[in-house]
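Chemist: predicted structure and sequence below. I'll ask about it afterward.
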Amino acid sequence: MGNRNNLTLAGRATSRLLSPRQRSAAARAVTPRRSPDPLPLRGLTDQVVWRPVAELKPFGNNPRKHPEAQIARLMQNIERVWTNPMLIDETGTILAGHGRLEAAKRLGRSEVPTLTIAGLNPAEKRAVVIADNRLPEQAVWDFQLLQDHFAELIRVDFDVELTGFSTGEVD
């Protein structure tokens, strides 16, 4: 567990200190945990790996579209801090993160953080592609807490548009 946590912390806390190439080397240097169970691995692997953009393939007929305004906001956020790795299968096909990949490409990034989901059949991959986009839409906001967060961000002169909300929506 120590290796996994150290890598996770290194990937998050020191992401601005290490280049993508250094992060990729660090990821390869950590020996993955081996399950005592002889069954094939299913689900998320235990490490974020920085992969070359050229190795990734979009999921065929991805039903989610990414408008220009969203790509622009993703670009702003990625420039500040990358918060969410892309989910891929064992072949490098993107299950979640098509918009993040497009934003990274436009920023000239050569590598992106990925997490591999292993052992899924084609139907399960389709379901992940859909669920990853649909399930967050079903969340609701606690508007009082949201207002408190925005008030604090405004107090410290933080660019509230980096949250994905426009200034008009915050007002």
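Modeler: Here it is on my side, so go on. Numbers count the residues shown, from 1 in each chain.
Chemist: please make it C-alpha for all contacts and neighbour counts, starting now.
Modeler: Fine.
Chemist: for this structure, give me the ranges with low pLDDT.
Modeler: Along the chain, the model assigns pLDDT under 70 to residues 1-41.
Chemist: all strands of it, in order?
Modeler: Listed in chain order, the strands of the chain (DSSP state E) span 43-44, 49-52, 86-88, 94-96, 111-118.
Chemist: pick the most buried one from the ones you listed.
Modeler: Mean neighbours per residue, mean count of other CA atoms under 10 Å, is largest over the strands of the chain for strand 94-96, with a mean of 25.
Chemist: ok, residues contacting stretch 161-171?
Modeler: Stretch 161-171 is contacted by residues 73, 76, 77, 147, 150, 160 when judged by CA atoms under 8 Å, 6 or more residues apart in numbering.
Chemist: picking that back up, could you export the strands of the chain as JSON lines, including distance to residue 141?
Modeler: Below are these laid out as JSON lines (distance: least, CA to CA, whole Å):
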{"stretch": "strand 43-44", "distance to residue 141": "28"}
{"stretch": "strand 49-52", "distance to residue 141": "32"}
{"stretch": "strand 86-88", "distance to residue 141": "25"}
{"stretch": "strand 94-96", "distance to residue 141": "23"}
{"stretch": "strand 111-118", "distance to residue 141": "28"}
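Chemist: nearest to residue 58, out of the ones you listed?
Modeler: Closest to residue 58 of those is strand 94-96 (CA to CA; 5.2 Å).
Chemist: can you list the strands that that closest one pairs with?
Modeler: Partners of strand 94-96 in the sheet, by DSSP bridges, are strand 86-88 (antiparallel).
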